[in-house]
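Chemist: any chance you could fold what I've pasted below:
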Amino acid sequence: MSIERPATCRVVPAVHGRREAVGDPPYQMELVKELRRAYGPGGLVELYGRFSTGDGFTDALMRKVIWQSAARRCGSGLQVGSGAGFKHPETFEIGDGVFIGAQAYVQGRYDGKCLIGDNVWIGPQAYLDARELVIEEFVGWGPGAKILGSSHTGIPADVPIIRTDLEIKPVYIGAWADIGTNATILPGVTIGKGALVGAGAVVVSDVAAFSVVAGVPAKFLRWRGDSDPSPAKR
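Modeler: Residues are numbered from 1 along each chain as shown. Model prediction:
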């Protein structure tokens, strides 16, 4: 049997980014209201555990409506993969048409703030430290990519570092940015609009809009395409 090698590359239309926004049916919105009324924040978290890992229609629907019920605000068209988890969803504000992949985890904090804009795509096994996080619209978040939002001060030095205070720094991901597979964004970093972060990069400082960075630590490689690198547009 002869095996024909596949073509080296092919270009196909984007799927998630081009999907037209469709509102949720009225019965789902009523279910969200009833779940919120009947269970309250603690009960919703417990209920979520019953549907968190199934792949069928009912499990997927319940994951979606429980996220919508538990969040401070959540738009329509949400998709939540199996095994996706959260902490302190009451601090989340989620836009329309957001996709959260299987086994992704969004970790908020009771006094924090997490904003996820319209049409954001979060890949499987992503980890988002969402204690002070803003992700603007149309961001692509690669599978396994991570955000860290805090570090220990390490002071004083005569106690274990893990017992020293935590310094939480906000992370800001600009609209249209794309974060590569297994990249890591460290506390306090801003990723500019339309920037592209390479797979496996460790980003320790701010990234200019419409730039391409990669490596450990991430370094500037070039400007994207025909974008204007003038400061006014960064």
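Chemist: so which elements touch the helix ranked longest in the chain?
Modeler: Secondary structure of the chain per DSSP state H: the longest helix is helix 26-48. Packing partners of helix 26-48 (3 or more C-beta pairs under 8 Å, 6 or more residues apart in numbering; DSSP states H and E): helix 57-70. Quick note: C-beta positions are derived from backbone N, CA and C, even for glycine.
Chemist: got the phi and psi for the residue nearest in space to the middle of the chain?
Modeler: Among the residues of the chain, the one closest to the centroid is I122, at 4.7 Å (C-alpha atoms, centre = their mean). When read as degrees, to the nearest 10, the backbone of I122 gives phi -110, psi 120.
Chemist: surely it meets G142?
Modeler: No. I122 is not in contact with G142 according to C-beta atoms under 8 Å; the separation is 9.1 Å.
Chemist: return the distance of the residue nearest to the centre of the chain relative to S82.
Modeler: Taking C-beta to C-beta, to the nearest Å as the measure, I122 falls 14 Å from S82.
Chemist: ditto for I155
Modeler: With C-beta to C-beta as the criterion, I155 and S82 are 42 Å apart.
Chemist: same deal with L115?
Modeler: Counting by C-beta to C-beta, the gap from L115 to S82 is 25 Å.
Chemist: just I162 next, same as before
Modeler: From I162 across to S82, the span is 32 Å (C-beta to C-beta).
Chemist: give the contact list for the nearest residue to V203 once chain neighbours are set aside.
Modeler: Leaving aside its sequence neighbours, V203 sits nearest to A218 (C-beta to C-beta, 6 or more residues apart in numbering; 4.5 Å). Neighbouring residues of A218 by C-beta atoms under 8 Å, 6 or more residues apart in numbering: 183, 197-198, 201-205, 207.
Chemist: from those, list just the buried residues.
Modeler: Buried members of the contacts of A218, scored by 16 or more other C-beta atoms under 10 Å, are 183, 197-198, 201-203, 207.
Chemist: including secondary structure and pLDDT, could those residues go into a markdown table?
Modeler: A markdown table is the format used below for these (DSSP: H, G, I helix; E, B strand; the rest coil; pLDDT from 0 to 100):
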| residue | secondary structure | pLDDT |
| --- | --- | --- |
| A183 | coil | 98 |
| V197 | strand | 98 |
| G198 | coil | 98 |
| A201 | coil | 98 |
| V202 | strand | 98 |
| V203 | strand | 98 |
| V207 | strand | 98 |
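Chemist: does G112 touch V134 like I think?
Modeler: No. The pair G112 and V134 does not pass the contact test of C-beta under 8 Å, sitting 11.3 Å apart.
Chemist: where does this structure dip in pLDDT?
Modeler: Scanning the chain for pLDDT under 70 picks out 1, 226-234.
Chemist: buried residues in stretch 59-75, which are they?
Modeler: Buried residues in stretch 59-75, defined by neighbour count with 16+ other C-beta under 10 Å: 59-60, 62-71, 74-75.
Chemist: fine, thanks again, bye for now.
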